[in-house]
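Participant: structural data only, the sequence is not supplied:
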């Protein structure tokens with residue numbers, strides 16, 4: 001009996017759950033395991049951990065159902081449990097909307113993974129690297145292509161907070177995705193690699209954040225690396241960007257160092273959204289995609305008012321109305337809720353069948369009680385690089401059109417218009433923000449929509465000033481006016497900033513000069529790193545400029561560019577003629593100084609690819625009527641002298657003369673069929689040469 005008494009004294013009630021269950025914890029030193037096993041069932045039952053809610057952590061109990069924690073429980077431990085209940089509402093003052101901005105490969109996706117893990121948003125068993133990068137293409141290349149949203153719940157000092165993270169890409173070609181993310185946030189984490197320091201895209205993204213008046217929190221990542229120099233990088237950030245780094249957070253996303261400090265800084269430094277829940281509904285669409293079963297799914301940030309399931313909503317730009325069948329939050333998977341109010345981020349499904357009804361940047365309001373004015377939305381993305389997309393199978397043209405419309409919904413920076421080609425049939429002329437953007441769009445079309453495509457050489461938009469005063473914009477050489485009708489041609493120029501260690505300054509300046517660049521300035525950011533600024537034609541950059549930059553700097557240099565305007569250049573149209581007939585799909589617009597090199601390369605390649613004919617075929621590169629490069633395919637000849645084993649020479653001459661007349665007649669009426677493989681190979685060559 002004495003044993004039973006001592007056991008009862010060791011059982012201390014800790015909390016009473018809302019469901020009425022009393023939870024206990026045991027002073028384990030006073031209860032040997034043998035005694036605990038021999039206890040009667042009624043006495044042993046209270047000591048068992050409740051199966052529905054209670055967890056023993058270091059002899060402390062957190063009751064998930066009651067939402068209370070024992071006094072000494074840390075915030076990170078509490079949040080692991082609180083993270084499972086992300087749908088609970090919190091006051092607007094406890095909401096934080098933030099994004100992560102960084103240069104490519106500075107650890108942005110790894111940091112997002114750790115935030116999701118620490119807050120309990122994603123179970124450990126479900127966790128995988130680059131969790132928010134849900135496209136196979138993103139995982140293969142190790143880059144973020146699409147922005148992703150995730151709602152997290154974190155408890156600080158016993159008070160629950162709702163954190164809405166919007167992850168962003170880091171490559172310059174996806175800066176439009178970054179700008180859309182920033183418009184939906186109040187703050188940003190600026191992640192800088194502690195071993196590499198400030199890179200070109202770091203600067204570009206910071207300037208975007210400052211334009212949106214965001215609170216910026218500097219974070220030094222990868223401090224666990226042997227080459228990390230956090231003090232030097234802090235000095236770089238202060239000197240180049242002008243941010244105060246006295247309280248910069250030093251972390252290692254891979255090792256989990258400093259993640260709790262980042263969450264604490266987000267709550268303390270980033271301001272909450274404005275409390276405008278009583279105003280008429282205004283929600284900004286920052287992303288959307290097409291679901292084959294549910295129609296268009298819209299991602300939005302509620303700026304004013306509230307939206308409920310079943311509300312009749314109105315899209316102010318497209319002028320259409322729908323019933324909100326389903327609303328919810330992204331955490332990061334879609335979780336359905338009944339209501340969202342000002343400051344929250346969520347998704348919406350309303351059986352929207354037409355992709356044109358819900359465009360990125362549109363404003364959602366109530367149909368019955370409409371807002372007075374729409375939100376500013378986003379600036380239109382300006383395409384920088386153009387190319388033609390043609391299906392290999394002509395029957396796939398309707399599928400290509402539908403695929404581009406659906407992809408444009410998910411990628412608002414993509415522009416396209418129909419185009420026809422004598423060699424490749426019907427297709428589309430597409431505009432992209434850069435070469436990587438073009439490559440990603442082509443791969444997504446082929447993977448997600450099961451299409452086989454041919455891509456023409458990338459080109460840019462030229463402005464042609466005609467003799468009659470008219471200005472014509474053309475991105476396709478076939479639409480260029482005749483030489484007699486034009487006065488001059490202007491081409492787009494970009495300002496490019498290259499950040500590099502000082503030992504690679506010479507090779508990079510040489511690269512800029514080779515590409516017709518105009519040197520502007522060079523500044524030493526630190527003792528060992530310099531910023532080189534050039535203005536150069538965009539057409540010179542859409543080739544292999546980035547590859548050359550990395551090659552000449554052994555991978556250490558980075559670049560960022562921005563459009564500055566149009567400038568007059570000495571440009572010509574280079575035509576390719578096969579057997580005297582111009583082949584329009586192979587025509588290009590090049591600078592006069594490079595015309596000979598490009599023409600020589602194209603004619604030599606075509607000579608290898610076009611099959612020999614029964615007659616001699618000349619292949620010529622021409623500027624107007626002037627031939628600047630030429631190759632010829634020799635004819636396939638029958639040996640007409642094989643039967644002449646002797647006799648007079650006149651017999652042989654007669655046979656040869658007769659053969660020559662036949663070849664001449666055949667050449668006059670014959671046509672040379674250029675195989676599809678030759679077009680594809682020459683287009684690839686154009687991408688390398690131009």
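Facilitator: Yep, that arrived. Note that the coordinates shown come from a computational prediction; the quantities given were computed from them, not determined experimentally. Numbers count the residues shown, from 1 in each chain.

Participant: all contacts plus neighbour counts: C-alpha atoms, from now on.
Facilitator: Fine.

Participant: helix or strand: which one has residue 505?
Facilitator: Using DSSP states H and E, the element containing residue 505 is helix 505-514.

Participant: neighbouring contacts of that helix?
Facilitator: The contact list for helix 505-514 (Cα atoms under 8 Å, 6 or more residues apart in numbering) reads 518-519, 530, 532, 534, 536, 548-549, 552-553.

Participant: can you do 10 Å?
Facilitator: 496, 498-500, 517-519, 522, 529-536, 540-541, 545, 548-553, 557 (Cα atoms under 10 Å, 6 or more residues apart in numbering).

Participant: again, but for stretch 308-324
Facilitator: Contacts for stretch 308-324 (Cα under 10 Å, 6+ apart): 281-283, 285, 307, 325-328, 336-341, 348-352, 356-359, 361-371, 373-375, 377.

Participant: quick one: mean pLDDT over that stretch.
Facilitator: Stretch 308-324 comes out with an average pLDDT of 87.

Participant: so which bits of it are buried?
Facilitator: Under the neighbour-count criterion of 16 or more other Cα atoms under 10 Å, stretch 308-324 has 308-309, 311-316, 321-324 buried.

Participant: how about the strands in the stretch 301-450 of the chain?
Facilitator: Secondary structure of the stretch 301-450 of the chain (DSSP state E, counting those that start in this stretch): strands at 306-308, 312-315, 320-323, 326-330, 334-337, 339-341, 345-349, 363-366, 385-391, 415-421, 425-432.

Participant: repeat for the stretch 51-200 of the chain
Facilitator: Using DSSP E, counting those that start in this stretch, strands in the stretch 51-200 of the chain cover 54-57, 60-63, 68-69, 95-102, 148-156, 159-167, 187-193.

Participant: the fourth one: how far from the chain's middle?
Facilitator: Relative to the mean C-alpha coordinate of its chain, strand 95-102 is positioned 17 Å out (Cα atoms, centre = their mean, to the nearest Å).

Participant: in it, what counts as buried?
Facilitator: For strand 95-102, burial by neighbour count (16+ other Cα under 10 Å) applies to 95-102.

Participant: the longest strand seen in the chain to helix 505-514, inter-axis angle?
Facilitator: Counting by DSSP state E, the longest strand found in the chain is strand 486-501. The directions of strand 486-501 and helix 505-514 differ by 170 degrees, with axes from the mean of the first three to the mean of the last three Cα atoms, to 10 degrees as the criterion.

Participant: show me where pLDDT drops low in this structure?
Facilitator: Applying pLDDT under 70 to the chain picks out residues 1-87, 123-147, 169-177, 377-381, 422-424, 543, 614-615, 637-640, 642, 662-690.

Participant: the nearest residue to residue 438 once chain neighbours are set aside: what's it in contact with?
Facilitator: Counting by Cα to Cα, 6 or more residues apart in numbering, residue 432 is the residue found nearest to residue 438 once chain neighbours are left out, at 5.7 Å. By Cα under 10 Å, 6+ apart, the contact set of residue 432 is 173, 381-387, 413-416, 438-439, 441, 458, 460.

Participant: beta-bridge partners for residue 432, please?
Facilitator: As for beta bridges, residue 432 partners with residue 385 under DSSP bridges.

Participant: what distance do you get for it to residue 179?
Facilitator: Distance of residue 432 to residue 179, given as Cα to Cα, to the nearest Å: 16 Å.

Participant: residue 530 contacts residue 522, correct?
Facilitator: Yes - between residue 530 and residue 522 there is a contact under Cα atoms under 10 Å: 6.9 Å.

Participant: joint contacts of these two?
Facilitator: Taking Cα under 10 Å, 6+ apart as the contact rule, residue 530 and residue 522 both touch 498-499, 505.

Participant: turn the strands of the stretch 51-200 of the chain into CSV, including distance to residue 510.
Facilitator: Output for those, formatted as CSV (distance: least, Cα to Cα, whole Å):
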stretch, distance to residue 510
strand 54-57, 63
strand 60-63, 65
strand 68-69, 64
strand 95-102, 29
strand 148-156, 40
strand 159-167, 37
strand 187-193, 28
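
Participant: residue 302: which of those is closest?
Facilitator: strand 95-102 (11.3 Å; Cα to Cα).

Participant: and that closest one with strand 148-156, angle?
Facilitator: Computed with the same axes, to 10 degrees, the direction of strand 95-102 lies at 120 degrees from that of strand 148-156.

Participant: partner strands of strand 95-102 and their direction?
Facilitator: Here strand 95-102 is paired, per DSSP bridges, with strand 159-167 (parallel), strand 187-193 (parallel).

Participant: re the thing from before, CSV please, covering the strands of the stretch 301-450 of the chain and showing distance to residue 246.
Facilitator: Output for the strands of the stretch 301-450 of the chain, formatted as CSV (distance: least, Cα to Cα, whole Å):
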stretch, distance to residue 246
strand 306-308, 40
strand 312-315, 45
strand 320-323, 50
strand 326-330, 34
strand 334-337, 39
strand 339-341, 36
strand 345-349, 32
strand 363-366, 40
strand 385-391, 42
strand 415-421, 44
strand 425-432, 40
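
Participant: residue 464 is nearest to which of the ones you listed?
Facilitator: Nearest of the strands of the stretch 301-450 of the chain to residue 464, taken as Cα to Cα: strand 385-391 at 16.8 Å.

Participant: tell me the buried residues in that closest one?
Facilitator: 385-391.

Participant: to what extent is residue 659 buried, counted in neighbours?
Facilitator: Using other Cα atoms under 10 Å, residue 659 has 15 neighbouring residues.

Participant: what about it, which SS state?
Facilitator: Here residue 659 is recorded as helix under DSSP: H, G, I helix; E, B strand; the rest coil.

Participant: ok, now how distant is it from residue 293?
Facilitator: Here residue 659 is placed at a distance of 67 Å from residue 293 (Cα to Cα).

Participant: show me what whichever helix or strand residue 209 is part of is packed up against.
Facilitator: In this assignment (DSSP H and E), residue 209 forms part of helix 200-211. In terms of contacts (3 or more Cα pairs under 10 Å, 6 or more residues apart in numbering; DSSP states H and E), helix 200-211 is packed against strand 95-102, helix 175-182, strand 187-193, strand 215-221, helix 230-240, strand 486-501, strand 558-569.

Participant: what strands line up against the longest one, and which way round?
Facilitator: Spelled out, it's strand 486-501. strand 462-466 (antiparallel), strand 529-537 (antiparallel), strand 558-569 (antiparallel).

Participant: give me the buried positions along that strand.
Facilitator: Across strand 486-501, burial judged by 16+ other Cα under 10 Å covers 486, 488-501.

Participant: and which of those residues is nearest to residue 210?
Facilitator: Using Cα to Cα, the buried residues of strand 486-501 come closest to residue 210 at residue 497, 19.2 Å.

Participant: just confirm that closest one contacts residue 517, I think it does.
Facilitator: No - applying Cα under 10 Å as the test, residue 497 and residue 517 come out as separate, 11.8 Å apart.

Participant: quick check: neighbours shared by these two?
Facilitator: Common contact partners of residue 497 and residue 517 (Cα under 10 Å, 6+ apart): 533-535.

Participant: next, count neighbours for the closest residue to residue 478 other than its chain neighbours.
Facilitator: Leaving aside its chain neighbours, residue 478 sits nearest to residue 584 (6.4 Å; criterion: Cα to Cα, 6+ apart). By other Cα under 10 Å, 16 other residues sit near residue 584.

Participant: surely residue 584 and residue 576 touch.
Facilitator: Yes - counting by Cα under 10 Å, residue 584 touches residue 576, with 7.6 Å between them.

Participant: residue 519: how many residues sit nearby?
Facilitator: A count of neighbours around residue 519, defined by other Cα under 10 Å, yields 14.

Participant: which SS class is residue 603?
Facilitator: Under three-state DSSP, residue 603 comes out as helix.

Participant: what's the answer for the one 5 residues further on, then?
Facilitator: Under three-state DSSP, the three-state class of residue 608 is helix.
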